[in-house]
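**Student:** Quick one: sequence plus predicted model below, questions after.
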Amino acid sequence: MANSKYEYVRNFELDDSALPSTWMVVRIDGRGFHGFSDMHTFDKPNDLKALGVMNKAAIEVMKNIRDITIAYGQSDEYSFVLPPSCNLYSRRISKIISTVVSLFASNYAMHWSEYFPDRKLLVAPCFDARLVCYPTKKVLRDYLSWRQADCHINNLYNTAFWAIVHSGKSEQEAEEKLRGTFSKDKNEILFSEFNINYNSLAPVYRKGSVIIRKETEVKSISAQTGKEVSRQKRVPTVLHDDIIGDKFWEEHPELLA
Ligand code: ATP
Ligand code: ATP
Ligand code: MG
Ligand code: MG
Ligand code: MG
Ligand code: MG
């Protein structure tokens, strides 16, 4: 198109491309999900269906944006990792962030009713997002360890808090009882007072969710022959593994290649 006299305004757009050859991580987080979870009567401390919608939205983001190699989610947040070689939108930060977060939010809304068939979505779910560049594999792993450690700390606290509340105490009493306690104290309260062995809780709560592209055999009917054919496809798959230790990374060396 011919240049118009207005075109100079493009020069006001700043260059916001991410540092080259670094790992880019987009983290989205639900806006006001404390209230959102009350309004939609999520189970406390953990609503499994709510985690299901989050995981579904993240899978759809990964299907759409093929550059993402791994994603990690817990509570109302998800982190998406793009490798140093990624050239999506020429690494322009605002383009990448806004595409990821809008895809996530629209898929969250679109798939809500599959997880909550009897509960209307009462407000438009909203997520914020940021993109951070990490220079080395070590820092990227430390970032993911930080999020999984956060999941553990919050989940242990919330599990103890809601066990106390569900036993008939007020939220204020529960908070007072847990104030200043260490992990071992919370484990002890759960075990001795509520007969809950924290380590036997489902890994989805304790570890959060990791999504990687797993080689999976996919069967389909051939349009030409009408016969069933199978082929290998890399399908975004949810795991609840520990990603702090070395084992996971040794099993999936391609993730840090
Ligand atoms: P902000 O807008 O600053 O992020 P927020 O209210 O979303 O505020 P967060 O720190 O992100 O605060 O915490 C999210 C909250 O959402 C949790 O504290 C919890 O109350 C609720 N929540 C999220 N997912 C679940 C779930 N699966 N089950 C139960 N509650 C959940
Ligand atoms: P990109 O992802 O690069 O933005 P795009 O296909 O969205 O690619 P745009 O330059 O944003 O390309 O153009 C949007 C296109 O969407 C228009 O060219 C037109 O084909 C279509 N479109 C948008 N709004 C309308 C509308 N109201 N009626 C008909 N077509 C529309
Ligand atoms: Mg936030
Ligand atoms: Mg939030
Ligand atoms: Mg959060
Ligand atoms: Mg467009």
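**Tutor:** The structure has been received and is ready for your questions. Numbering: from 1, shown residues only. Ligands and ions are numbered 1, 2, ... in the order given.
**Student:** Return the residues of the protein in contact with ligand 5.
**Tutor:** D29, S75, D76, E77 (Cβ under 5 Å from the ion). Placement of C-beta: from N, CA and C, glycine included.
**Student:** of those residues, list those near ligand 4.
**Tutor:** Near ligand 4, by the rule Cβ under 5 Å from the ion, you find D29, D76 out of these.
**Student:** which one of the residues of the chain next to ligand 5 is nearest N197?
**Tutor:** S75 (22.2 Å; Cβ to Cβ).
**Student:** What is the neighbour count of that closest one?
**Tutor:** For S75, the count of nearby residues is 20 (other Cβ atoms under 10 Å).
**Student:** Report the separation between it and F36.
**Tutor:** According to Cβ to Cβ, to the nearest Å, S75 stands 12 Å off from F36.
**Student:** what is in contact with those two at once?
**Tutor:** G30 (Cβ atoms under 8 Å, 6 or more residues apart in numbering).
**Student:** Between which two of the residues of the chain next to ligand 5 is the distance greatest?
**Tutor:** Taking Cβ to Cβ as the measure, these have their most distant pair in D29 and S75, spaced 8.4 Å apart.
**Student:** sorry, back to before: just the residues of the chain next to ligand 5: which are in helices?
**Tutor:** Within the residues of the chain next to ligand 5, no residue falls in helices by DSSP state H.
**Student:** Report the buried members of the residues of the chain next to ligand 5.
**Tutor:** S75, D76, E77 (16 or more other Cβ atoms under 10 Å).
**Student:** ok, the last one - contacts?
**Tutor:** Read that as E77. E77 sits in contact with R27, I28, D29, G30, R147, where contact means Cβ under 8 Å, 6+ apart.
**Student:** Touching, N55 and S209? I think so.
**Tutor:** Yes. Between N55 and S209 a contact is recorded at 5.3 Å, counting by Cβ atoms under 8 Å.
**Student:** Please identify every residue contacting each of the two.
**Tutor:** G73, V238.
**Student:** Where does pLDDT dip in the chain?
**Tutor:** Residue ranges of the chain with pLDDT under 70: 1-2.
**Student:** tell me which parts of it are close to ligand 4?
**Tutor:** D29, G30, F33, D76.
**Student:** Between those, which sits nearest R66?
**Tutor:** So of these, ranked by how close each gets to R66 (Cβ to Cβ), first place is D29, at 23.6 Å.
**Student:** surely that closest one meets F127?
**Tutor:** Yes. Applying Cβ under 8 Å, one finds D29 in contact with F127, separated by 6.3 Å.
**Student:** List the residues that are in contact with both of those two.
**Tutor:** Going by Cβ under 8 Å, 6+ apart, residues that sit against D29 and also against F127 are D76.
**Student:** so which helix or strand takes in D128?
**Tutor:** strand 127-134 (DSSP states H and E).
**Student:** L103 now?
**Tutor:** Here L103 is assigned to helix 93-115, by DSSP H and E.
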